[in-house]
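Give me the fold of what follows.
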Amino acid sequence: MKKYKVLDIFSYISKNVIDLKQLEDIFHNGIDDAGYVANDYYVERYVQDCKIDKNIMMVVCDLENERKNIAFIKKCEKVIAVVGYREITINL
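You can find the predicted model right below:
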């Protein structure tokens with residue numbers, strides 16, 4: 001069984017709109033399906049050579065250098081947050 005530990009969240013919208021806890025919840029609810037969560041939010045795992053703007057690419061490069069997995073939280077096709085995370089294997 002896989003679990004995920006969020007290590008970093010880089011948000012591109014105000015915390016008055018959506019706070020870090022809500023972004024983390026969206027990530028956890030959508031990462032396994034890599035899809036729609038709620039209210040037009042969805043999670044998409046980063047793949048190399050995907051089309052992203054320069055500011056987001058700087059964050060992605062930093063997270064890659066730290067050997068973290070990367071996912072985007074999007075709303076209406078726009079990246080609203082970048083998440084750096086690690087997979088944790090749980091033995092039952």
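
Just the residues contacting the helix or strand of the chain with the lowest mean pLDDT, thanks.
The weakest-scoring helix or strand in the chain, judged by mean pLDDT, DSSP states H and E, is strand 36-38 (a mean of 73). Contact with strand 36-38 is made by 26, 29, 30, 42, 43, as judged by CB atoms under 8 Å, 6 or more residues apart in numbering. To be clear about C-beta, it is placed using only N, CA and C from the backbone, and glycine gets the same treatment.

Widest-spaced pair of those residues?
29 and 42 (10.0 Å; CB to CB).

who's more crowded, those two?
Comparing residue 29 with residue 42 by other CB atoms under 10 Å, the one with more neighbours is residue 42, at 19 against 16.

That one against residue 30, yeah?
Yes: using CB atoms under 8 Å, residue 42 is in contact with residue 30, at 5.9 Å.

which neighbours do those two share?
Common contacts of residue 42 and residue 30 (CB under 8 Å, 6+ apart): 36, 73.

report the longest strand in this protein, please.
Counting by DSSP state E, the longest strand found in the chain is strand 78-89.

Give me the below-cutoff pLDDT ranges for this structure.
By pLDDT under 70, the low-scoring segments of the chain are 1, 33-34, 91-92.

Mind doing that once more with 90?
The chain contains residues with pLDDT under 90 at 1-3, 29-40, 47-52, 76-77, 88-92.

neighbours around residue 20, how many?
Using other CB under 10 Å, residue 20 has 12 neighbouring residues.

Need the phi and psi values for it.
Main-chain torsions, residue 20, degrees, to the nearest 10: phi -60, psi -40.

list the contacts for it?
Applying CB under 8 Å, 6+ apart to residue 20 gives the contacts 9, 11.

again, but for the one 3 residues further on
Counting by CB under 8 Å, 6+ apart, residue 23 makes contact with 9, 11, 73, 80, 81, 83.
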